[in-house]
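[1] Below is the sequence, then the predicted model.
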Amino acid sequence: MLPLDLARLSREGSLRLEGRIPSDAALWEDTGIRLSEPLWVDLRVTEAQSGEIVARGEMVCSLASECRCCLDPMTVTLREEVTLIFAPQDTLDGTGDGEIRVLPSDTREVDLAESIREEVILAAPTYVLCRPNCRGLCVRCGADLNETTCECAVEEPDPRWDVLRALKSE
């Protein structure tokens, strides 16, 4: 889906890799990530003298989400700088820090889509709010408190908890 030809990279020393990963690609299944449009990637890929392959650039996508409080549908734009480092398996001594992705020795082409997928998962917000002061939904009737007020009665707190409430306020 986002192939990098290693032979061409060796010949040219540096490549620009642009591409799109479709929002309905199987890559996104079981991730909890919902894209509202294809993800766009623009990378500059270089090969270091040590044999490492470094891809730097930017990814941009729109995530379909919902407000954590009122559940209104939302679209969140994710724009992130990306750095991916790959190293041939035979050049690693086992002391990597986890940031380096391992390439089997006989690899001729690398699909960067899986690595980009990981970057999206890490960069995606855990939750979003439609606005900083979102009032959410009424816990009794489900009314959107941003749009209306509800007639639900406010319950008085259980007096048995007064002693703990007093400790908390001290």
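    The structure has been received and is ready for your questions.

[2] Spell out, range by range, the helices that occur in the protein.
    For the chain, the helices defined by DSSP state H occupy 6-12, 113-123, 162-169.

[3] The strand ranked longest in the chain: partners in the sheet, and parallel or antiparallel?
    Looking across the chain with DSSP state E, the single longest strand is strand 73-88. Taking DSSP bridges as the criterion, strand 73-88 sits next to strand 53-66 (antiparallel), strand 100-103 (parallel) in its sheet.

[4] Which segments of the protein make up each domain?
    Following the assignment in automatic domain parsing, the chain carries domains at 3-134, 135-170.

[5] any idea which of these scores lowest on pLDDT?
    Mean pLDDT per stretch puts domain 135-170 lowest among the domains of the chain, at a mean of 87.

[6] coming back round to it: tell me which of the domains of the chain sits most buried.
    Compared across the domains of the chain, domain 3-134 shows the largest average neighbour count, a mean of 14 (mean count of other CB atoms under 10 Å). From N, CA and C alone the C-beta is placed, and that goes for glycine too.
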